[in-house]
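> coordinates only, sequence not included:
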């Protein structure tokens, strides 16, 4: 198992806060070098679903972009209507 989070793990649109301060990818990668494999797995799970949690006494808050589901329960991308934006 890797001993830290990679830049590719943190998707665009995901915001990570530590004690109310927004963190950049490099800061998170540096912090993750001190985490156990179990903590890294947990952090990756939270990157997908978002929420509030703590690792090694540090309180994190992660927000993820809302996903749109169709009637079949499948995830769809955001559709932009050009006619609306041009009016």
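Received, thanks. None of the values given here were measured: they were computed from a predicted structure.
> which residues does the nearest residue in space to residue 46 that is not next to it in sequence contact?
Nearest residue to residue 46, sequence neighbours excluded (C-beta to C-beta, 6 or more residues apart in numbering): residue 62, at 5.4 Å. Yep, even glycine has a C-beta here, placed from its N, CA and C like the rest. Residue 62 makes contact with 14-17, 46-47, 50-51 under the criterion C-beta atoms under 8 Å, 6 or more residues apart in numbering.
> would CSV of those with pLDDT be doable?
Formatted as CSV, these follow (pLDDT from 0 to 100):
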residue, pLDDT
14, 90
15, 93
16, 95
17, 96
46, 94
47, 92
50, 91
51, 93
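> got a pLDDT number for the nearest residue to residue 7 once chain neighbours are set aside?
Leaving aside its sequence neighbours, residue 7 sits nearest to residue 25 (C-beta to C-beta, 6+ apart; 5.2 Å). If you check residue 25, the pLDDT there is 93.
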